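>>> Below is the sequence, then the predicted model.
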Amino acid sequence: MAKAIFGAGCFWGVEWMFRQLPGVSEAYCGYSGGHTEDPTYREVCSGRTGHAEVVEVEFDPDVISYEELLAAFWKGHDPTTLNRQGPDVGTQYRSAIFYLDDAQRETAEASKAAMNASGKFHRPIVTEITKAGPFWKAEEYHQRYFEKHGVQGCHL
């Protein structure tokens, strides 16, 4: 299995979206990109920890490629809004790809450039592409939130 980490706004919808893809075995809501160890949801929401709400995706690269995960990422949110997705505003909702190795970085950068050149978006993509630091799993009540509450998704 391989892993990937994406931030695309509220992690509940992002987790749900990735769980629908064949080849994804797990997706966990959590926090990454900040400077506080083992932050809580309340701390991340304060905007003072520097973390983004993210999803760590475990996937089988023989079934789904990192490129296919990136395609779902671009389709599943608006990567042209800085620190915002829909009604959610703050740096914790930023669009971000946290790469785990040089191959992911190169692939993410090429994918972002291709999406910018495609004309699909009317504004430039603001998604950050950053080396992954620690992934902190969110509290249990955030995991599989939509499944627990009978919601079918909220993203594009």
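Arrived safely, thanks for sending.
>>> Would you mind measuring from the residue in the chain sticking out farthest from the centre to residue 148?
Distance from the C-alpha centroid of the chain peaks at residue 119, with 22.2 Å (CA atoms, centre = their mean). Distance of residue 119 to residue 148, given as CB to CB, to the nearest Å: 39 Å. (C-beta placed from N, C-alpha, C; glycine too.)
>>> ditto for residue 71
Residue 71 sits 27 Å away from residue 148, going by CB to CB.
>>> Could you do residue 13 as well?
Taken as CB to CB, the span from residue 13 to residue 148 is 14 Å.
>>> In terms of neighbours, single out the busier of the two.
Neighbour count, other CB atoms under 10 Å: between residue 13 and residue 148, residue 13 has more, with 23 against 11.
>>> Averaged pLDDT, stretch 61-81. What do you get?
For stretch 61-81, mean pLDDT rounds to 97.
>>> whoops, I mixed them up, stretch 4-24
On average, stretch 4-24 scores 96.
>>> May I have the distance across it, first residue to last?
End-to-end distance for stretch 4-24, by CA to CA, to the nearest Å: 10 Å.
>>> in it, what's buried?
Using 16 or more other CB atoms under 10 Å as the test for burial, stretch 4-24 gives 4-19, 21, 23-24.
>>> now that stretch, how far from the centre of its chain.
Centre-to-centre, stretch 4-24 and its host chain are 6 Å apart (CA atoms, centre = their mean, to the nearest Å).
>>> repeat for stretch 81-99
9 Å.
>>> Over to stretch 113-120?
19 Å.
>>> For it, could you pull out the residues that count as buried?
The neighbour-count check on stretch 113-120 (16+ other CB under 10 Å) flags 115-116 as buried.
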